[in-house]
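>>> I'd like to go over a predicted model; first the sequence, then the structure.
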Amino acid sequence: MIKRVFLIYIISFLTYGASAFTTEVCHTCEVNNLADAIRLSHRGDTVLVKPGIYECSDQELRKPITLIGEKGAILDGQMTGYILKILSDSVTIRGFKFINSGKSYTKDYAAIYSYRVRHFNIIGNEIENPFFGALLEKSHDGVIKDNLIFGESKQEDDSGNGIHAWHCSNLLISNNTLHGLRDGIYLEFVTESEISNNLSHDNIRYGLHFMFSNNDKYLSNTFQDNGAGVAVMFSKFIVMKENKFIENWGTASYGLLLKEINDAEVENNTFRENTIGVFVEGSNRVNYVDNRFESNGWAVKVSGGCYENYFMRNNFISNSFDLAYNGKLNDNKFEGNFWSTYSGYDLDKNGIGDVPYRPVKLFSYVVNKTPEAIILLRSLFVDIINFSEQVSPVFTPDNLVDPQPSMKPF
Amino acid sequence: MIKILKYSFFDLIRSRWSYVYLLFYLIIGFALLFLNNNLSKAIITLMNIVVVLVPMIGTIFGVMYYYSSQEFTELLLAQPIKRRTIFLGQYLGIALSLSFSLLVGLGIPFLAYGLMQSGEIWNFGLLLIVGTFLTFIFVALAFAISLRNENKIKGFGYGILLWLFMAVIYDGLFLILLVTFDDYPLDKFTLAASFLNPIDLSRILILLKLDISALLGYTGALFQQYFGTGTGMIMSLSSLAIWTVVPMWMIVRSSGKKDF
């Protein structure tokens, strides 16, 4: 739905723009800097910037215009402050490379900044080493597409986020590549938005981070090798489909951290080689369906206050621990998943194991209490105690079973 | 020494049990590869098997060989040959022949399934190195035990007990200690304790390959340093080397003192 609205919008905008003026900017042209070109243009005009490096800082865009950079058009912020500020509705920024945007410990400088606007497009830009890449505040109906934002951040406290949205709605953030930043994508109070096909990798903190952002969709994104993976908190009605969470390693690193998330759908995602695939805390009514958990330290770790979560048709393959639970209370359902460590049989050949599977091992309970014991993983002794706990559970929740484990992976 | 080594080696190579041992690895190697056709998974499964089985076979073979060749050893002792030469020669003979079975038995199936073309060659190499180390360590321990026990049954019992202790009981005690004292900082103790058991050491080498993502979940700085870098690998391998040398020295010492 959102997509279609944007498409119609873009098409109408393009036809509208065709009838308007185009101002060319190059070093030898009549207009040789961006500021003049913007001053001279009117509503609906296009500014076409030819290849070359242009000094540009705190440039305000107060009328609805289209800025197009040809390949090799570079805007140099000279390390002072913002580069472009979108302060009008219907602004399009396309095809530029942004360098040297300012850094500050007191101000959130960004290569592209928007405030209280609607219908803006940020498409096909490259932002090198910014403090914040695109900082959107109280802006709505925007498209942020095909951008490459990358930095060389080393520490959390002196770096910013790739795409940072605050109090926004109806955004489409797609096909962006983000790496070497603090958070790849950060959303706070962002609603009704779609985040799809982005690649966010090697960021210091989170690949994706959102809080208080309801009714959003996250589709087909890849989050790889981020300091702490993906963390999502305090949000409702979230849909996460076909994302990949890969190789997020570390002591506080999660493929996906769900904290206080209610009524969400987590479907068809892949979690591979993370320290913790999914860490769930205080989340209710979340459905995990058709996901693939492969070679994680812990595939799913459930902490306190999680009720009515539903795990169905997931593949749990070669994880060190499939499931870790905290305490003996269980109100979550596991049904019809494939567990690669399941060793039961299927006499009636209906593809469902005849013996229920207990995904919580005694050893994972021990490791929860005494983390150093992890060094005894895969020892013969540990296998023996796990087996005896399976036979008669004492420490692990005894109603925590998958009554119909699948015999074959999905 | 070379002569005695050669004699023991070929004596064992010709024995039925060597063939059974070799055949066992051949079958298990081919079966695993046939069943999942995936080199890396087969290597992981084999590592689990090797860590438990190789020490057991090493211990049993070592003890058995020592007692069954006792008369021949006494005959040799009557000759003007150094005691050290005799026992080290026999020890190396049996350790080499067992390692030979392991290397050939696992090597053939994996080579047949295209090991050389895959990226798994290092993991497979590690598997063989761990297996060989464990063979050498446990045969040496078995010899050291047998040398101190005239009584066959007693020697055999101690050997099996040693294996059982290292493979199972040690980890149990270890875990109980960890759980009992979990209010204290334990990471130094944990690392130290795992160095004191060659089976644990080998298992950790496997963990470094297999479960690195889970291991990095623990917050201790020492663990991070140990597991996160190549240090863990180097330290574990060199401790295995120490574990080989110490029982060999025990063989030499008790063979020198023993009254035959």
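Arrived safely. Numbers count the residues shown, from 1 in each chain, chains lettered A, B, ... in the order given.
>>> same question for stretch B:239-257, mean pLDDT?
In this model, stretch B:239-257 carries a mean pLDDT of 91.
>>> Before we move on, what's the pLDDT of B:Asn37?
71.
>>> same check, this time on B:Leu196
91.
>>> backbone phi and psi for it, please?
The phi/psi pair for B:Leu196 (degrees, to the nearest 10) reads phi -80, psi 0.
>>> Distance-wise, check it relative to B:Met250.
16 Å (C-beta to C-beta, to the nearest Å). Using the backbone N, CA and C atoms, a C-beta is placed for each residue, glycine as well.
>>> neighbour-wise, which of those two wins?
Using other C-beta atoms under 10 Å in any protein chain shown, the more surrounded residue of B:Leu196 and B:Met250 is B:Met250, with 17 against 13.
>>> Looks to me like the more buried one is in a strand.
No: B:Met250 is assigned helix when assessed by DSSP: H, G, I helix; E, B strand; the rest coil, not a strand.
>>> thinking B:Glu120 is in contact with B:Asn38, fair?
No: here B:Glu120 does not reach B:Asn38: they are 9.4 Å apart, not a contact under C-beta atoms under 8 Å.
>>> for the stretch 51-200 of chain B, what are the low-confidence residue spans?
For the stretch 51-200 of chain B, no stretch is flagged by pLDDT under 70.
>>> Just want the residue of it that's nearest chain A.
Distances between the stretch 51-200 of chain B and chain A by C-beta to the nearest C-beta are smallest at B:Asp171, namely 3.7 Å.
>>> For the residue in the stretch 151-300 of chain A that chain B sits nearest to, grab the count of nearby residues.
The nearest approach of the stretch 151-300 of chain A to chain B comes at A:Gly297, 3.0 Å away (C-beta to the nearest C-beta). Neighbourhood size, A:Gly297 [other C-beta under 10 Å]: 26.
>>> okay, now the domains of chain A?
A:1-225, A:228-410 (automatic domain parsing).
>>> Quick one: mean pLDDT over the first one.
Read it as domain A:1-225. pLDDT averaged over domain A:1-225 gives 89.
>>> just stretch A:270-284 next, same as before
pLDDT averaged over stretch A:270-284 gives 92.
>>> what residues does the stretch 51-200 of chain B put near chain A?
B:52, B:167-169, B:171-172, B:174-175, B:178-179, B:182, B:186-187, B:189-191, B:194, B:200 (C-beta under 8 Å from any C-beta of the partner chain).
>>> how about 6 Å then?
Within the stretch 51-200 of chain B, the positions lying close to chain A (C-beta under 6 Å from any C-beta of the partner chain) are B:52, B:167-168, B:171-172, B:175, B:178-179, B:182, B:186-187, B:190, B:194.
>>> Looking at B:Glu120 and B:Asn38 now, which is surrounded by more residues?
Shown here are B:Glu120 and B:Asn38; by other C-beta under 10 Å, B:Glu120 has more neighbours (19 against 15).
>>> check contacts around the more buried one.
Residues counted as contacts of B:Glu120 (C-beta atoms under 6 Å, 6 or more residues apart in numbering or on different chains) are B:Leu39, B:Ser40.
>>> please redo it, this time with the cut-off set to 7 Å
Counting by C-beta atoms under 7 Å, 6 or more residues apart in numbering or on different chains, B:Glu120 touches B:Leu39, B:Ser40, B:Ile43.
>>> now it: how far from B:Ile204?
Distance of B:Glu120 to B:Ile204, given as C-beta to C-beta: 20 Å.
>>> wait, A:Gly142 sits on A:Phe120?
Yes: taking C-beta atoms under 7 Å as the definition, A:Gly142 is a contact partner of A:Phe120 at 4.6 Å.
>>> where's B:Leu178 relative to A:Ile276, distance?
Distance from B:Leu178 to A:Ile276, by C-beta to C-beta: 21 Å.
>>> out of the two, which sits in the busier spot?
The residue with more neighbours, out of B:Leu178 and A:Ile276, is A:Ile276; 29 against 24, by other C-beta under 10 Å.
>>> one step back: can you tell which of the domains of chain A is closest to B:Lys82?
Proximity to B:Lys82 (C-beta to C-beta) singles out domain A:228-410 among these, at 39.7 Å.
>>> what about residue 149, how many neighbours?
Using chain A here. A:Ile149, neighbours per other C-beta under 10 Å, totals 29.
>>> You answered for a different chain; I wanted chain B.
Counted with other C-beta under 10 Å, B:Asn149 comes out at 18.
>>> Need the phi and psi values for it.
For B:Asn149, the backbone dihedrals (degrees, to the nearest 10) come out as phi -120, psi 110.
>>> Same check on the one 4 residues further on?
Per-residue torsions, B:Ile153: phi -60, psi -40 (degrees, to the nearest 10).
>>> Could you do A:His179 as well?
The phi/psi pair for A:His179 (degrees, to the nearest 10) is phi -150, psi 160.
>>> What residues does it make contact with?
Each residue near A:His179 by C-beta under 7 Å, 6+ apart is listed here: A:Phe150, A:His201, A:Asp202, A:Asn203.
>>> In contact with A:Ser139, which residues?
A:Ser139 neighbours (C-beta under 7 Å, 6+ apart): A:Ser114, A:Tyr115, A:Arg116, A:Val117, A:Phe120, A:Cys168.
>>> Looking at these, which are in strands?
A:Ser114, A:Tyr115 (DSSP state E).
>>> pretty sure B:Phe156 contacts B:Tyr65?
No: here B:Phe156 does not reach B:Tyr65: they are 11.8 Å apart, not a contact under C-beta under 7 Å.
>>> ok, which pair from the residues of the stretch 51-200 of chain B next to chain A is furthest apart?
Going by C-beta to C-beta, the pair spanning those furthest: B:Val52 and B:Asp182, at 27.2 Å.
>>> Contacts only, for the residue nearest the centre of chain B.
By C-alpha atoms, centre = their mean, chain B has its centre lying nearest to B:Leu134, at 1.1 Å. By C-beta under 7 Å, 6+ apart, the residues touching B:Leu134 are B:Val54, B:Pro55, B:Gly58, B:Pro198, B:Ser202.
>>> At the geometric centre of chain A, which residue do we find?
A:Leu208 (3.1 Å).
>>> what bridges to it?
In this entry, A:Leu208 is beta-bridged to A:Ile185, A:Val230, by DSSP bridges.
>>> my read: it touches A:Val190, true?
No: between A:Leu208 and A:Val190 there is no contact under C-beta under 7 Å: 11.7 Å.
>>> and the residue in the stretch 1-150 of chain A that chain B sits nearest to, how many residues sit next to it?
Closest contact between the stretch 1-150 of chain A and chain B, by C-beta to the nearest C-beta, is at A:Phe150 (25.1 Å). A:Phe150: 20 surrounding residues under other C-beta under 10 Å.
>>> Then the one 10 residues further on?
Here the neighbour count serves as a burial measure; for A:Gly160 (other C-beta under 10 Å) it reads 24.
>>> which SS state does it fall under?
Reduced to three states by three-state DSSP, A:Gly160 is coil.
>>> Up against chain B, what does chain A have?
Residues of chain A lying near chain B by C-beta under 7 Å from any C-beta of the partner chain: A:249-251, A:273-276, A:295-298, A:320-321, A:366, A:369-382.
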